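S.K.: following is a predicted model, sequence given first.
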There are 2 protein chains.
Amino acid sequence: MTVVDRYAGSARIAEPGEGIGLDELALATRNHGLPLEALRYEVTPPGLHYVLTHFDIPAVDPGSWRLEIGGAVDRPVTLDLADLTARPAVTARVLLECAGNGRARLEPRPVSQPWLLEAVGTAEWTGTPLAPLLEEAGLSPGAVDVVFTGADHGVERGVEQDYARGLPVAEALRPEALLVWAMNGQPLPPQHGAPVRLVIPGWYGMAHVKWLTRIDVLTEPFTGYQNATAYRLKVDAEDAGEPVTRIRPRALVAPPGWPDFMTRERFVRAGVVPLSGRAWSGRAPVTRVEVSTDAGSSWHEAALAAADPAHPFAWRAWTYDWSASPGPAELLVRATDEQGAQPVEPEWNRQGMANNLVQRVPVTVLGAAVG
Amino acid sequence: MTVVDRYAGSARIAEPGEGIGLDELALATRNHGLPLEALRYEVTPPGLHYVLTHFDIPAVDPGSWRLEIGGAVDRPVTLDLADLTARPAVTARVLLECAGNGRARLEPRPVSQPWLLEAVGTAEWTGTPLAPLLEEAGLSPGAVDVVFTGADHGVERGVEQDYARGLPVAEALRPEALLVWAMNGQPLPPQHGAPVRLVIPGWYGMAHVKWLTRIDVLTEPFTGYQNATAYRLKVDAEDAGEPVTRIRPRALVAPPGWPDFMTRERFVRAGVVPLSGRAWSGRAPVTRVEVSTDAGSSWHEAALAAADPAHPFAWRAWTYDWSASPGPAELLVRATDEQGAQPVEPEWNRQGMANNLVQRVPVTVLGAAVG
């Protein structure tokens, strides 16, 4: 790996009050989020699902594409796309969320992709289970990590690299782990990893490696950049930090009424305003969703759709009827799973990872329509 | 129209050196641009085409959707989706570009959707010509403007509105004007105007009204917000300004080599580096594309693909082989059409509209690979 010196070192933390820079903006205009009104769709339509690519979207020819499975295995395997798609196929409805979602709301702000709240989406992913492939290759008894390498290539904090992530072997052997070639019934779009990506339900997006080219079994923990340096919960630059793994609970509301163009502030008419949204967690079942319409002074239980056993890793719909009186209001919504609730106060970390702070939506309630 | 007072008045101009604010960022994360490596695709794949929505993406039920054609016509018409799609259909490959593309590069910066350079895309649009529909309705002899109204609703600069744009009647009667229900062979996605939008080739994006509900023929010029206030080339807040109409010429290069994650700066190996990209103009045929690899000191003619008579409103591919020597370099590319060339120096206007300043791509050329 080449080290490009001038980009080496830690990520920068913005000064207090410092606006978003052109570098952060360039990431925000390349990558894109789910417009929150699209929470109305149980399955996110094409082009509305969030996208985060570290480097460029690579051009991978599906005809010459090969996947190599090697490292600590008895029988290394090479598959082409026909080999892979001839295997047993399953379709799973899975929520993905970027580990950096919520980063731009942190103060001070870690300088990176500046997500607000919209780095999320739910798709129907079609692929073949990974575990039987690994078993056919024959895992070494000492296997610890399975490393997934993509065709995307670039420099990050001075380290030139193909994007690669290691996953504990027990996770890679979960029956839900899939090698995926279709999204919502269509071939994977380029920006979602064509021709083949990993989907590992429950984990933040960085683990679902796109544009897969290699799978390597290791008998030692993987020490590549994206595991050892990036995607860690660090208190400061010297802290090795804990790895980012499963998606923390979150609920979002589709902002009601209509927006002001520039501020995105909302307007509704007084009366009963039906609120709706989605809630999810990748670490444990969601147990409740609560709504506050008075900036967090009081909380009300929302009606949460029953968990669908067919889609344990999808988000769940929730609804709440708000009796809105004229004047300013602030909506909050929070999810609780079997391990705990979303925080109402921010919990800072140096890379701005896994920030599941509750959403706040300022709303102006206008007088009821006349006539 | 309700006027929401606290948002009335002119758009704000950022202070010198002021970073992007959270309001601009919220627009940048909702809307999204074409990652420039996707210039490799002649037809932009689903989800990579730029999207700009002023308000929320509306939920329009295609079953109950109706289009009304009224105003100064002899025979007002109401059509449902089956009526419309039963009419003669054509498919046209058309480039769209947001009139605000390039805004965030202006100094001082008009505060609005902060596009850099990526608010562009080319799709295959399927629909039926508008002119025969207008002729069947019977245009008044005094017809001046045709107004297209969408289902998207919100507040802009204090004015509550359904998004609506007027088009001169001669433009509405051009044979290329289409009422469109499919994009790249699939039903229109929600964010691109489902179920039906206008496509008016050659014009900036604001004219291609999405989520169409009404078409009204006027015998006076349309004075609605999006024509009379927004989308004008103004020198200051008091200037009525000239209307924004056709797309100015532009060429973009797909940035070569590989990027640094945070800065998006590029790295290539010394040697011959093939450069490629697209060029377009909505006002006149593109006549040449030039490339500078020395920050604008010298310019070289690129090889421009012949115009395809079947697709007069698509972009055109260009290529140029760069002999790259180790060290820092800056690439520029500019298009010229029959009316003139892209500017190398910025031409400021108060709303940041139609800024077709040339692209600049800093590149570090590394020593040739050894081995």
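M.R.: Sure, I can see it.
S.K.: which stretches of chain A have low pLDDT?
M.R.: Residues of chain A meeting the criterion pLDDT under 70: A:1-4, A:370-371.
S.K.: find the closest residue to chain B in it.
M.R.: With Cβ to the nearest Cβ as the measure, residue A:19 is the residue of chain A nearest to chain B, at 1.9 Å. C-beta here means a position set from N, CA and C on the backbone, and glycine is covered the same way.
S.K.: got the contact list for that residue?
M.R.: Counting by Cβ atoms under 8 Å, 6 or more residues apart in numbering or on different chains, residue A:19 touches B:18, B:19, B:20, B:21.
S.K.: how about the third one: what's its closest non-neighbour residue?
M.R.: This means residue B:20. residue A:20 (3.7 Å; Cβ to Cβ, 6 or more residues apart in numbering or on different chains).
S.K.: and the second one, by the same measure?
M.R.: By the measure of Cβ to Cβ, 6+ apart, the closest residue to residue B:19 outside its immediate chain neighbours is residue A:19, 1.9 Å from it.
S.K.: how about stretch A:342-351: buried residues?
M.R.: With burial defined by 16 or more other Cβ atoms under 10 Å in any protein chain shown, the residues of stretch A:342-351 counted as buried are A:342, A:349, A:350, A:351.
S.K.: can you tell me which of these comes closest to residue A:251?
M.R.: Among the buried residues of stretch A:342-351, residue A:342 lies closest to residue A:251 (Cβ to Cβ), at 7.1 Å.
S.K.: quick one, what contacts that closest one?
M.R.: A:248, A:249, A:250, A:251, A:334, A:335, A:336, A:356, A:357, A:358.
S.K.: again, but for residue A:246
M.R.: Neighbour list for residue A:246: A:202, A:203, A:204, A:282, A:283 [criterion: Cβ under 8 Å, 6+ apart].
S.K.: so the last one touches residue A:204, yeah?
M.R.: No. The pair residue A:283 and residue A:204 fails to qualify as a contact (Cβ atoms under 8 Å) at a distance of 10.4 Å.
S.K.: hey, what's in contact with both of those two?
M.R.: Common contact partners of residue A:283 and residue A:204 (Cβ under 8 Å, 6+ apart): A:246, A:247.
S.K.: those two: who's more crowded?
M.R.: residue A:204 (23 against 15; other Cβ atoms under 10 Å in any protein chain shown).
S.K.: before we move on, what SS does the closest residue in space to the more buried one that isn't next to it in sequence have?
M.R.: In this structure, residue A:204 finds its nearest non-sequential neighbour in residue A:99, 3.8 Å apart by Cβ to Cβ, 6+ apart. The three-state label given to residue A:99 by DSSP: H, G, I helix; E, B strand; the rest coil is coil.
S.K.: ok, back up a step: for the residue nearest to residue B:19, phi and psi?
M.R.: Per-residue torsions, residue A:19: phi -70, psi 170 (degrees, to the nearest 10).
S.K.: what's the neighbour count on the nearest residue to residue A:218 once chain neighbours are set aside?
M.R.: Nearest non-adjacent residue to residue A:218, counting by Cβ to Cβ, 6+ apart: residue A:145, 4.6 Å away. A count of neighbours around residue A:145, defined by other Cβ under 10 Å, yields 23.
S.K.: residues contacting residue A:145?
M.R.: Contacts of residue A:145 (Cβ under 8 Å, 6+ apart): A:166, A:167, A:168, A:169, A:217, A:218, A:220, A:221, A:222.
S.K.: one more pass at 6 Å, please.
M.R.: A:166, A:218, A:221, A:222 (Cβ atoms under 6 Å, 6 or more residues apart in numbering or on different chains).
S.K.: which one of the residues you listed has the most neighbours?
M.R.: Sorting the contacts of residue A:145 by how many neighbours each has (other Cβ under 10 Å) puts residue A:166 first, at 25 neighbours.
S.K.: which non-adjacent residue is nearest it?
M.R.: Nearest one to residue A:166, counting by Cβ to Cβ, 6+ apart, is residue A:222 at 2.8 Å.
S.K.: so what's that neighbour up against?
M.R.: A:145, A:147, A:166.
S.K.: does residue A:284 really touch residue A:340, like I thought?
M.R.: No. Using Cβ atoms under 6 Å, residue A:284 makes no contact with residue A:340, being 8.7 Å away.
S.K.: next up, the contacts around the most centrally placed residue in chain A.
M.R.: Closest to where the C-alpha atoms of chain A average out (Cα atoms, centre = their mean) is residue A:97, at 1.6 Å. Taking Cβ under 6 Å, 6+ apart, we find residue A:97 in contact with A:120, A:247.
S.K.: quick one: it from residue A:109, how far?
M.R.: Look at residue A:97 and residue A:109: by Cβ to Cβ, to the nearest Å, they are 19 Å apart.
S.K.: re the thing from before, what bridges to the residue nearest to the centre of chain A?
M.R.: Legend: beta-bridge partners of residue A:97 under DSSP bridges are residue A:120.
S.K.: output the contacts of residue A:246 in TSV; the columns should cover secondary structure.
M.R.: Formatted as TSV, the contacts of residue A:246 follow (three-state DSSP):
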residue	secondary structure
A:202	coil
A:203	strand
A:204	coil
A:282	coil
A:283	coil
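S.K.: closest to residue B:328 among those residues?
M.R.: Of all the contacts of residue A:246, residue A:204 has the smallest distance to residue B:328: 36.2 Å, by Cβ to Cβ.
S.K.: contacts for stretch A:68-75, please.
M.R.: Stretch A:68-75 has contacts (Cβ under 6 Å, 6+ apart) with A:76-78, A:137-138, A:140, A:143, A:214-219.
S.K.: most neighbours out of the residues you listed, which is it?
M.R.: Neighbour counts for the contacts of stretch A:68-75 peak at residue A:215, which has 26 neighbours (criterion: other Cβ under 10 Å).
S.K.: what about that residue, helix or strand, and which?
M.R.: Assigned by DSSP states H and E, residue A:215 belongs to strand A:212-218.
S.K.: which parts of the helix or strand just after that strand are buried?
M.R.: Once the chain leaves strand A:212-218, the next helix or strand it forms, by DSSP H and E, is helix A:225-228. If you call a residue buried by 16+ other Cβ under 10 Å, then helix A:225-228 has these buried ones: A:225, A:226, A:227.
S.K.: and residue A:191, helix, strand or coil?
M.R.: Assigned state for residue A:191: helix (three-state reduction, three-state DSSP).
S.K.: secondary structure class for residue A:152?
M.R.: Per three-state DSSP, residue A:152 ends up strand.
S.K.: who are the contact partners of it?
M.R.: By Cβ under 6 Å, 6+ apart, the contact list for residue A:152 reads A:55, A:58, A:163, A:211.
S.K.: next: residue A:232.
M.R.: Taking Cβ under 6 Å, 6+ apart, we find residue A:232 in contact with A:241, A:243.
S.K.: please name the bridge partners of it.
M.R.: Judged by DSSP bridges, the bridge partners of residue A:232 are residue A:243.
S.K.: then residue A:288?
M.R.: Applying DSSP bridges, one finds that residue A:288 bridges with residue A:336.
S.K.: that one reaches residue A:336, doesn't it?
M.R.: Yes. Residue A:288 is within contact range of residue A:336, at 4.9 Å (criterion: Cβ under 6 Å).
S.K.: would you point out the most distant pair within the contacts of residue A:342?
M.R.: A:336 and A:357 (14.4 Å).
S.K.: so for residue A:108, what's the nearest residue that isn't a sequence neighbour?
M.R.: residue A:13 (5.0 Å).
S.K.: and that neighbour, how many neighbours?
M.R.: Using other Cβ under 10 Å, residue A:13 has 18 other residues around it.
S.K.: now residue A:293
M.R.: Counted by other Cβ under 10 Å, the residues lying close to residue A:293 total 24.
S.K.: enumerate every residue touching it.
M.R.: Residues in contact with residue A:293, defined by Cβ under 6 Å, 6+ apart, are A:322, A:329, A:331.
S.K.: ok, back up a step: which among the buried residues of helix A:225-228 are in contact with chain B?
M.R.: By Cβ under 6 Å from any Cβ of the partner chain, no member of the buried residues of helix A:225-228 lies near chain B.
S.K.: closest one of the residues you listed to residue B:28?
M.R.: Closest to residue B:28, out of all of the buried residues of helix A:225-228 and judged by Cβ to Cβ, is residue A:226, at 24.9 Å.
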